[in-house]
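K.L.:
my questions are about this predicted structure, shown below with the sequence.
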Amino acid sequence: MCGTGHSGSTLLGMVLSGLPEAFYMGEGGKVRYLNNDRYPMRKRVCKICGEDCPIWSVFSWDRSRPLYSQIAAHTGARLVIDSTKSTDWIAERTGELFQAGGQSHLIQLLRDGRAVVNSRLRKYPDRDPEAEIQHWMTQVSKSMVFFESFDGPKLRVRYESLATEPDTEIRNICAFLGQPFNDDLLDYHERDHHPLGGNNGTQYAAARHRFRNPDAIFATVGPSRKAFYDSRPPAIALDDRWKDEMTEEHAMLFDRMAGSFNEPMRWGD
């Protein structure tokens, strides 16, 4: 998957993990940090299980061989789902997979930039709003260029469409992947997951319905975010908190810097 963070890639990965012989690895780029205590714990362990993950605690990346082939052999999967989003990472992994005779499919996730920027400022309140807006535009532009140049099956998906019409969108994505659709895919919270990296809130929301004690999972959220996720049903639903949370100052700054750029992605006005 390419695009920017806070655009639904963790949710989509968890949903697609329900496909036959599929494994959602989370942000696959985090395999670089496995078993390396020079990096923060959050970067080098499963976001659900922590250090005792039955998948990642016993995996070591042999960089002389295609990563996805190794993940497939390690998990018994035929379809490996990676939400790293870095275009450089995707290019490297798809290149080595092609050389090994495999096939990559690319999904670009798009979301109204106001929601993305607000989400980042909620998570990182001390960051400069102008820098966050510019970062979002840069990442979207880079993913657009990469998507257009990608030589293989590719599909654009809007987070808002996924969240408001999940049945329709997941059917379309399954058809794109050449995979069968089944209603159980939408019950992503009923399955075990072993993601590296990704969105803590989405992971917490899934795990709180899967485990009796969701506070024991590695992915944690602050009190206000925990209250938000605890109040929501497990079904896929649109997160439009930005409409209430985004300050007038930030909204005006966003419109001045990115209003025209965001127009194709604008949602909910």
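P.N.:
Received the coordinates, thanks.
K.L.:
state whether N262 is indeed within a strand.
P.N.:
No - the assignment for N262, made by DSSP: H, G, I helix; E, B strand; the rest coil, is helix rather than a strand.
K.L.:
now do the same contact list for P233.
P.N.:
Neighbour list for P233: empty [criterion: Cβ atoms under 8 Å, 6 or more residues apart in numbering]. Heads up, the C-betas are built off the backbone N, CA and C, glycines and all.
K.L.:
host element of the residue nearest to T87 when sequence neighbours are not counted?
P.N.:
Spatially, and ignoring its direct neighbours in sequence, T87 is nearest to F146 (4.2 Å; Cβ to Cβ, 6 or more residues apart in numbering). Element membership for F146 (DSSP states H and E) is helix 129-149.
K.L.:
contacts for that helix?
P.N.:
Residues from elsewhere that reach helix 129-149 (Cβ under 8 Å, 6+ apart): 2-4, 85, 87, 90-91, 106, 108, 110, 113, 116-117, 120-121, 124, 154, 156, 250, 253-254, 257-258, 261, 265.
K.L.:
which ones among the residues you listed map onto strands?
P.N.:
In this view, the contacts of helix 129-149 that belong to strands under DSSP state E are 2-3, 106, 108, 110, 154, 156.
K.L.:
and those residues, which of them are buried?
P.N.:
Buried members of the ones in strands among the contacts of helix 129-149, scored by 16 or more other Cβ atoms under 10 Å, are 2-3, 106, 108, 110, 154.
K.L.:
for the stretch 101-250 of the chain, what spans make up the helices?
P.N.:
Assigned by DSSP state H, counting those that start in this stretch, the stretch 101-250 of the chain shows helices spanning 113-123, 129-149, 159-164, 166-177, 200-210, 223-230, 242-245, 248-262.
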